[in-house]
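> need coordinates for the following:
(chains A and B)
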Amino acid sequence: MSELALWGMFLAVGVGTFLMRLSFVELYGRWRMPELLNRALRYVPASVLAALALPAVVYPNGHGEFVLGNPQIPAAILAALIAWKTRNTVLTLAAGMGALWLFKLAGL
Amino acid sequence: MQYRSAREAFLHGVRTLMPLTPGVIPFGLVTGVMAIEMGMSPGTAMGMTLLFYSGSAQMVALQLLHNGVLPVAIVVTALIINLRFVMYSASLAPHLHHLPRRWTWPLSYLLSDQSFALFSLRFSAQGQDRFTHYFYAGTASAMWLAWQLSVLAGVLLGASIPESWSLSFAIPLSFLALLIPNLRSAATLGAATVGGLIAVLAIDLPYNLGLVLASAGGVLAGLLIESLRRSPLNAMGPDDIERETR
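As a prediction, this is how the structure comes out:
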């Protein structure tokens, strides 16, 4: 991507995010969020994060090509277990990376 | 405890945020290292961090850049991730809307998951006094500084980390670290499962449409499970969001 397109992308995300953060603080009293939208927004983080994480684990090359013996899958399962048990970011990252390196060393 | 001065409220906000920084620093480091590994200059990487000020959207954008996705699709995806800020904004509005714009605009830019959660906790425990927004400003600016400095540290480290460390795997790992501890209800679990599965199956759709489709499918699944499990006795009230973030 060209430098210009890159900065254009940054600016578009930056301005869009600022407008979402400001939205109701600015519009207070003039517009009320519909109840259904309010409920739907609560499920956005979980579904988006899962939709990002799973393909990145299953397809290490970034496109839909299944790799046999992909060490990322067992490493991610281990990290997920640690995240569930400890809710600790640092431990989850360390366990996942450690497991990946170990599986790669073992030639899996 | 009611605050006696603006300064006291602000500093209390800063102190309240401190215990959350160990969870923020690794994300910032990974984000900075990834940006450099993608071939960005330190200036570009920090410009991106200042403009986004949103860790998950930034990591997603880096992941999609890595996959060679079109800029328009990256913008749409990052904004979908940040839709949650609309919900936070709606919860903060009653407490901030009376302030002049020289307050509300910077405070809105500084809105983050962490400062929103701390503000809701404080507000529900203590009620509002005339210095509450200084408390929010304290948490929000401390969070901003912690994030910018940890990304900067990652940017400075970046070049010295060899390819063989497979550090790009840290991105999906950090999504898991954000996601898994929050799967505490059947509806959220359903949203994540459906979203993840659709994304894996629809990976080859053009323009990154698989992700948009997966997010929509996950949200629908969450809403469906929620309405199936809801009994007429505990119908949703308007302050459910605040209750969930406590």
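> what residues go with each domain of the chain?
Because you didn't say which chain, this covers chain A. Listed by automatic domain parsing, the domain ranges of chain A are A:1-32, A:44-108.
> chain B, not that one
Split by automatic domain parsing, chain B gives B:6-166, B:183-235.
> whichever residue of chain A sits closest to chain B - how many residues pack around it?
Of chain A, the residue with the smallest distance to chain B, taken as C-beta to the nearest C-beta, is A:Ser47 at 2.2 Å. C-betas here are computed from N, CA, C, even on glycine. Other residues within reach of A:Ser47, judged by other C-beta atoms under 10 Å in any protein chain shown, total 31.
> list the buried residues for the lowest-mean-pLDDT helix or strand in chain A?
When the helices and strands of chain A are scored by mean pLDDT, DSSP states H and E, helix A:35-41 comes last with a mean of 83. Neighbour-count burial for helix A:35-41, counted by 16 or more other C-beta atoms under 10 Å in any protein chain shown, picks out A:38-41.
> repeat for stretch B:37-50
B:37, B:40, B:44-49.
> elements contacting the least confident helix or strand of chain A?
With contacts defined as 3 or more C-beta pairs under 8 Å, 6 or more residues apart in numbering or on different chains; DSSP states H and E, the packing partners of helix A:35-41 are helix B:84-96, helix B:209-229.
> and B:Tyr134, which of those helices is closest to it?
helix B:84-96 (11.7 Å; C-beta to C-beta).
> and the closest one, how far out from the chain's middle?
14 Å (C-alpha atoms, centre = their mean, to the nearest Å).
> what does that helix contact?
The contact list for helix B:84-96 (C-beta atoms under 8 Å, 6 or more residues apart in numbering or on different chains) reads A:17, A:20-25, A:27-28, A:33, A:38, A:41-42, A:44-45, B:103-104, B:107-108, B:111, B:113, B:116, B:119-120, B:123, B:128, B:132-133, B:136, B:241-242.
> hmm, who's touching the very next helix or strand once past that helix?
Downstream of helix B:84-96, the first helix or strand assigned by DSSP states H and E is helix B:101-109. Residues from elsewhere that reach helix B:101-109, judged by C-beta under 8 Å, 6+ apart: A:18, A:21-22, A:25-26, B:53, B:89, B:96-97, B:99, B:133, B:136-137, B:140.
> what's the most distant pair in these?
Largest pairwise distance in the contacts of helix B:101-109, by C-beta to C-beta, is 21.4 Å, between B:Tyr53 and B:His97.
> longest helix of chain B?
The single longest helix within chain B, with elements called by DSSP state H, is helix B:132-158.
> sorry, wrong one. I was asking about chain A.
Under DSSP H, chain A gives helix A:3-27 as its longest helix.
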